[in-house]
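1. Next comes the sequence, and after it the predicted model I'd like to discuss.
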Amino acid sequence: MDQTINNTVDSMQNEIVSFLQKLIRIKSENPPGNYEEICRFLEEELNTLGFEVNVVEVPEELTKKEGLPTPRKNVIATMKGSGGGKSIIFNSHLDTVPAGDAEKWTYPPFSAEIANGRIYGRGATDSKGRLTSYVMAAVALKRSGIPILGDITIAATCDEETGGVFGAGYVTEKKLVSGDMAVIEGYSNHIVRAMAGVLQLRIVSEGIPAHSGFKWKGINAVEKMAKVIQGLSELQQQLEIEPSNIPGMRYTTVNIGVIKGGTKINVVPGSSEIQVDFRVIPEHSIDGIYNRVESIVERLQKDDPDMNIRVERVLDFQTTPTVTEESSPIIGELQEALKEVTGEALPVVGMLGQSDTRWFINSGIPGINFGPGTNDNNLHSYDEFMDIEDLVQTTKVLSVLVRNYCGNKRSDYKMLKGGMPK
């Protein structure tokens, strides 16, 4: 690889590590979503590092309408190119899931302790490690003295852990970020080009309560719901033989995550409720899966006239599958950078999870997921960590990606250095 970038990033290792440690030590757990301190830190630091920084606060009337207890803020920082080239957006979120019981961590969750070549703490990978790599890749490129034509934008957004409506959703809807492609938080051991759709349902069974000694006077809502659960289990078996063509996505999943019902052991339950989460592969549609559930319920009620089942969509977090085609230039550009730095390309896969990628794709900006860390880094669990070697190497990959994409391909760079393109 280009030794200028390699040497620059290596010389920045202590700075890169320190930047991540500082981010980890700022609590930004969501809920509740405290963004004041981390936004203030980023505004000051990124200004110093050469970015033009804009802190975007979501209007208070919007957050109050949703019952949110704290302000929602996003940081948009741009390192300007000289003009005429393609621009890139790096997106990572400011919030983390709660740390949980601190006594179950080997090191305090906000200490950013270093041990065994790792930085430990809540957000070390998800997603403050990714944010660190994105920022430092742009800084390394600037310090290397390599001319860049297009702009490099860091979109550090809020609320990804709770859907991202006031984070990436807000800044894309209001067109506060622009670019030709986006790299969103992801892993360093594969490139994610597809994310599952999400359908969530609340299914309610209405019965008639009665004394258990006179059960025939009532209708047991829990027993009726048991038939629905069996129907959903059979649906899952059907979906397992309708796999996705995208590696990593397997098939549409059905997960009954919540079940409620009854008031007392000796009372025939008058109501029961389940909440069901579906992760929908691109080969299926949200409406198609919903219709299959409706058909199951209709069939069951036809067979059992005493059943009274209601199916409701939970609209708080419903999204269609999002896909970037495997032939997209963004994937080729990243693979080229990976080969230059590591000598190898990465698998291109899909995931049944969701991320803020959908906001960029839905606004017309192609996006993929890539960044330092892997799904073995204890994300959302105790002892979350970031491997320092991975953090540094991924920063090199991203620096090369930006060098190539934002106006200076290798041949152009060799011309700038006095060589001839090959």
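-> Happy to help now that I have it.
2. bridging residues for residue 256?
-> Beta-bridge pairing for residue 256 (DSSP bridges): residue 276.
3. phi, psi of the residue nearest the centre of the chain?
-> When the chain is reduced to its mean C-alpha position, the nearest residue by Cα atoms, centre = their mean turns out to be residue 355, at 2.6 Å. Phi and psi for residue 355, reported as degrees, to the nearest 10, are phi -150, psi -170.
4. Tell me where the protein is predicted with low confidence.
-> 408-422 (pLDDT under 70).
5. at 80 instead, please
-> 1-2, 316, 407-422 (pLDDT under 80).
6. tell me the domain boundaries of it?
-> For the chain, the structural domains run 3-195+322-416, 197-313, going by automatic domain parsing.
7. can you give me the helices in this protein?
-> 3-11, 13-24, 36-48, 60-65, 128-144, 168-173, 221-240, 286-303, 329-342, 357-362, 388-405, 410-416 (DSSP state H).
8. so residue 310 makes contact with residue 201?
-> No: with contacts counted by Cβ atoms under 8 Å, residue 310 stays clear of residue 201, the gap being 10.3 Å. Placement of C-beta: from N, CA and C, glycine included.
9. Between those two, which is the more surrounded one?
-> For the pair residue 310 and residue 201, the greater number of neighbours falls to residue 201 (21 against 11), based on other Cβ atoms under 10 Å.
10. Leaving out sequence neighbours, find the closest residue to the more buried one.
-> residue 276 (4.7 Å; Cβ to Cβ, 6 or more residues apart in numbering).
11. wait, doesn't the one you found sit right on residue 254?
-> Yes: using Cβ under 8 Å, residue 276 is in contact with residue 254, at 6.5 Å.
12. Please identify every residue contacting each of these two.
-> Residues touching both residue 276 and residue 254 (Cβ atoms under 8 Å, 6 or more residues apart in numbering) are residue 232.
13. For the helices of the chain, give me CSV that also has mean neighbour count and distance to residue 376.
-> Compiled in CSV, those are given as follows (neighbours: other Cβ atoms under 10 Å; distance: least, Cβ to Cβ, whole Å):
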stretch, mean neighbour count, distance to residue 376
helix 3-11, 17, 24
helix 13-24, 19, 18
helix 36-48, 16, 26
helix 60-65, 11, 35
helix 128-144, 27, 13
helix 168-173, 23, 25
helix 221-240, 17, 26
helix 286-303, 15, 31
helix 329-342, 19, 18
helix 357-362, 23, 21
helix 388-405, 24, 11
helix 410-416, 14, 33
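14. okay, these in CSV with distance to residue 249 next?
-> Formatted as CSV, the helices of the chain follow (distance: least, Cβ to Cβ, whole Å):
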stretch, distance to residue 249
helix 3-11, 33
helix 13-24, 31
helix 36-48, 33
helix 60-65, 34
helix 128-144, 22
helix 168-173, 22
helix 221-240, 12
helix 286-303, 14
helix 329-342, 16
helix 357-362, 14
helix 388-405, 24
helix 410-416, 34
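15. And the spatially closest residue to residue 96 that is not a sequence neighbour, how far from residue 6?
-> Using Cβ to Cβ, 6+ apart and skipping residues adjacent in sequence, the residue nearest residue 96 is residue 123, 4.0 Å away. Between residue 123 and residue 6 the distance is 28 Å, computed by Cβ to Cβ, to the nearest Å.
16. Lovely, talk soon.
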